[in-house]
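**Q** need a structure here:
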Amino acid sequence: VTVDPAVVAHVTARNFENYDKGPRFIDAFYDLLGQVRVARYGLAPFVALLHAKPSAWPRCPPRRSTQGIFNSNGALWQSHRAIAKPHFARDELEAMVPIFSRHAAKLVAQLDAAAAAGDAAPPVDVQRLFRRFTMDSFAELFFGVDLDTQTQPAEFARHFDFLQRAFSWRFRVGPFWRLWGLTKRMRRSLGELNAYLLDLIATARRDPHLAQRTDLLAHYLRSRDEAGQPFSDAYLRDMVLNFLLAGRDTTAALLTWTAYRLAQHPDVDARVVAEIAGTVPGADAEPTFEQLGELRFTKQVLNATLRLHPPVPFNMRTAIKDDVLPNGMFIPAGTLAPPCMHARMQAQRARGGADSPLTCRAGRGPWQRYCMDCPGTDIGWNTYTFQQDPEYWGPDAHEFKPERWTQERAAQLRNFAFMPFHAGPRICLGQQMAYAEARVALVHVLRRFQFVPDASFKPLPVDHITLTSHNGVKLRVRRRAEPLVR
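**A** Numbers count the residues shown, from 1 in each chain. As a prediction, the model looks like this:
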């Protein structure tokens, strides 16, 4: 794992073609992000695999290509990105703003009820509210459906949240997850989730107005694959879930932690409210896309939040070919079933660099994914750490300071020291959408309410694919005094 921006720049941009998602991430998340079957579950196959002679090791069984944009590489990833990219153009973003405002009105109603209850009531979990706001907004924009999780029982959202936690945990425990595979609860939640998504796709296929629809799902349904055939339901299911994960969680995390930071810094909150009042006059006026661009200090606040609370705090890649990083470290190649580093080193010494099916020093065969004693070839980087590193941000690196993001100071930032939306060719397509959605929500919320810390609450940040708080983010909500709104 690295916290060196130079190494991150090399992996994500300058030598991008040599690094892909790698088997560890793909295998851990295949049931959720791409339905790929790769191996048997259970204790017996796992133990037998570890102790078998190299000649008896099974080859990885045939797999179909992973379907989701998060879980894919190469041509499949490029296809996903090419189809989705037009939906993030400027004219599309302008059309999104009224939809954000409509769903923000429901969010305001939820917060108003909490404010009316007063301090005698428990604090409000703003993480839950913002997640439902972003889920409803994104589902309407990209899949043409109103989930209405803000006002209706949100079973879909409950299953979605649980599966993110479960699969993040599966990723962290490494190959040991194969001892039990899918738990009963995971199977049940996946079944409910898949049933809903497949019904959503079937309904869209039958829509007589499909040709006039502008959402992403409709665009996929009108498109064809490389063989000229319609995309399968399985392919579309993976696409919908991947984009929903990206569209809901990143912006929800940004809004959640922004509210948390504004509650701690009432002086910053007052400046944001003053800017909103001067840019979007009227207590009930909906902001336009042009007005959002004028909320410059608000964007500084969002960037300050993204630095301290990056939505995706950790990422990783696997080398396709041998490489040398800018710091001089040699990185041996890895494939979808990467050879063990020790086996490769033995092969290089014995055969001048050619691969051979030698065992590693642990005697467990050349397949790194099953070897507990040998290092692999994955490269991970901790965005959460290097975005708070005093070497790049100074002695006040851990402080919330929106003034870092004035035009003059932002121009002095070290390249790749700030990358909350990733970097290089895989930079987040929805970056500008996230900024727009967050500013729309803040306009509607902050001119009416003030977030206040609850003295008894402390968030417990945890990485569940995106940065979330294990115990929610609970704040007091109070109505603003009238003089703050012009």
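**Q** CA atoms for contacts and neighbours, from now on please.
**A** Fine.
**Q** can you pull out the strands in the chain?
**A** 19-20, 124-125, 314-319, 323-324, 330-331, 378-382, 449-453, 461-464, 466-469, 474-479 (DSSP state E).
**Q** So which of the ones you listed is nearest residue 88?
**A** strand 466-469 (21.1 Å; Cα to Cα).
**Q** So for that closest one, mean pLDDT?
**A** On average, the pLDDT along strand 466-469 is 90.
**Q** quick revisit: tell me which of the strands of the chain approaches residue 275 most closely.
**A** Nearest of the strands of the chain (Cα to Cα): strand 449-453, 14.9 Å.
**Q** to the chain's geometric centre, what's the distance from stretch 151-164?
**A** Relative to the centre of its chain, stretch 151-164 is centred 17 Å away, using Cα atoms, centre = their mean, to the nearest Å.
**Q** TSV for the strands of the chain, including mean neighbour count and distance to residue 425?
**A** As requested, the strands of the chain are exported to TSV (neighbours: other Cα atoms under 10 Å; distance: least, Cα to Cα, whole Å):
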stretch	mean neighbour count	distance to residue 425
strand 19-20	23	12
strand 124-125	18	36
strand 314-319	21	14
strand 323-324	14	19
strand 330-331	16	21
strand 378-382	19	17
strand 449-453	22	37
strand 461-464	18	24
strand 466-469	23	20
strand 474-479	22	37
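**Q** How many residues are close by residue 294?
**A** 15 (other Cα atoms under 10 Å).
**Q** got the contact list for it?
**A** By Cα atoms under 8 Å, 6 or more residues apart in numbering, the contact set of residue 294 is residue 279.
**Q** Let the chain start at 635 from now.
**A** Understood, numbering begins at 635; the last thing we discussed is residue 928.
**Q** measure it to residue 1043 for me?
**A** Here residue 928 is placed at a distance of 19 Å from residue 1043 (Cα to Cα, to the nearest Å).
**Q** before we move on, back to that, what about the strands of the chain, which gets the closest to residue 861?
**A** strand 653-654 (24.6 Å).
**Q** avg pLDDT for that closest one?
**A** 86.
**Q** That one packs against which elements?
**A** strand 948-953 (3 or more Cα pairs under 8 Å, 6 or more residues apart in numbering; DSSP states H and E).
**Q** In the sheet, which strands lie alongside the strand it packs on, parallel or antiparallel?
**A** strand 653-654 (antiparallel), strand 1012-1016 (antiparallel) (DSSP bridges).
**Q** what is the mean pLDDT for that strand?
**A** Here the average pLDDT along strand 948-953 is 86.
**Q** what does that strand rub up against?
**A** The contact list for strand 948-953 (Cα under 8 Å, 6+ apart) reads 645, 652-657, 965-969, 1011-1018, 1097.
**Q** Quick one: residues contacting the residue nearest to residue 707 when sequence neighbours are not counted.
**A** Distances taken as Cα to Cα, 6 or more residues apart in numbering place residue 654 nearest to residue 707, at 6.1 Å, with adjacent residues excluded. Contacts for residue 654 (Cα under 8 Å, 6+ apart) come out as 707, 951-954.
**Q** from those, which is closest to residue 803?
**A** residue 951 (18.5 Å).
**Q** and the closest one, what are its bridge partners?
**A** residue 1013.
**Q** Give me the distance between it and residue 795.
**A** On the measure of Cα to Cα, residue 951 and residue 795 end up 25 Å apart.
**Q** do the same with residue 755
**A** 25 Å.
**Q** Equivalent analysis for residue 652, please.
**A** Distance from residue 652 to residue 795, by Cα to Cα: 33 Å.
**Q** Between those two, which has more neighbouring residues?
**A** Higher neighbour count among residue 652 and residue 795: residue 652, with 19 against 16, using other Cα under 10 Å.
**Q** Relative to residue 829, how far out is the more buried one?
**A** 37 Å.
**Q** cool, residue 851 as well?
**A** 17 Å.
**Q** can you list the weak-confidence ranges in the stretch 835-984 of the chain?
**A** 968-984 (pLDDT under 70).
**Q** show me where it has helices.
**A** 850-856, 867-898, 900-913, 923-928, 930-942, 975-985 (DSSP state H, counting those that start in this stretch).
**Q** Distance to residue 784 added to the ones you listed, as JSON lines?
**A** Putting the helices of the stretch 835-984 of the chain into JSON lines (distance: least, Cα to Cα, whole Å) gives the following:
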{"stretch": "helix 850-856", "distance to residue 784": "22"}
{"stretch": "helix 867-898", "distance to residue 784": "13"}
{"stretch": "helix 900-913", "distance to residue 784": "25"}
{"stretch": "helix 923-928", "distance to residue 784": "24"}
{"stretch": "helix 930-942", "distance to residue 784": "23"}
{"stretch": "helix 975-985", "distance to residue 784": "50"}
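**Q** Quick one: closest of those to residue 781.
**A** The nearest among the helices of the stretch 835-984 of the chain, by Cα to Cα, is helix 867-898 at 12.0 Å.
**Q** need the contact list for residue 804.
**A** 662, 811 are the contacts of residue 804 under Cα under 8 Å, 6+ apart.
**Q** how many other residues sit next to the residue nearest to residue 1037 when sequence neighbours are not counted?
**A** With sequence-adjacent residues excluded and distances taken as Cα to Cα, 6+ apart, residue 1037 is closest to residue 934, at 7.0 Å. Using other Cα under 10 Å, residue 934 is surrounded by 20 other residues.
**Q** what residues are up against residue 934?
**A** Contacts of residue 934 (Cα under 8 Å, 6+ apart): 1036-1040.
**Q** which of these are buried?
**A** Buried subset of the contacts of residue 934 (neighbour count, 16 or more other Cα atoms under 10 Å): 1036, 1038-1039.
**Q** Now go through the residues you listed and say which are in helices.
**A** The helices, defined by DSSP state H, take in nothing from these.
**Q** Of those, which is the nearest to residue 858?
**A** residue 1039 (43.3 Å).
**Q** Tell me how far the closest one lies from residue 940.
**A** From residue 1039 across to residue 940, the span is 11 Å (Cα to Cα).
**Q** try residue 1076
**A** Distance from residue 1076 to residue 940, by Cα to Cα: 15 Å.
**Q** what does residue 865 give?
**A** 36 Å.
**Q** The two: which has the busier surroundings?
**A** With neighbours defined as other Cα under 10 Å, residue 865 and residue 940 compare such that residue 940 has more, 23 against 16.
**Q** just checking, the more buried one touches residue 888?
**A** Yes - counting by Cα atoms under 8 Å, residue 940 touches residue 888, with 6.6 Å between them.
**Q** can you give me the helices for the stretch 685-834 of the chain?
**A** 708-718, 724-751, 760-777, 789-806, 818-840.
**Q** wait, which of those is closest to residue 881?
**A** Of those, the one closest to residue 881 (Cα to Cα) turns out to be helix 760-777, at 6.0 Å.
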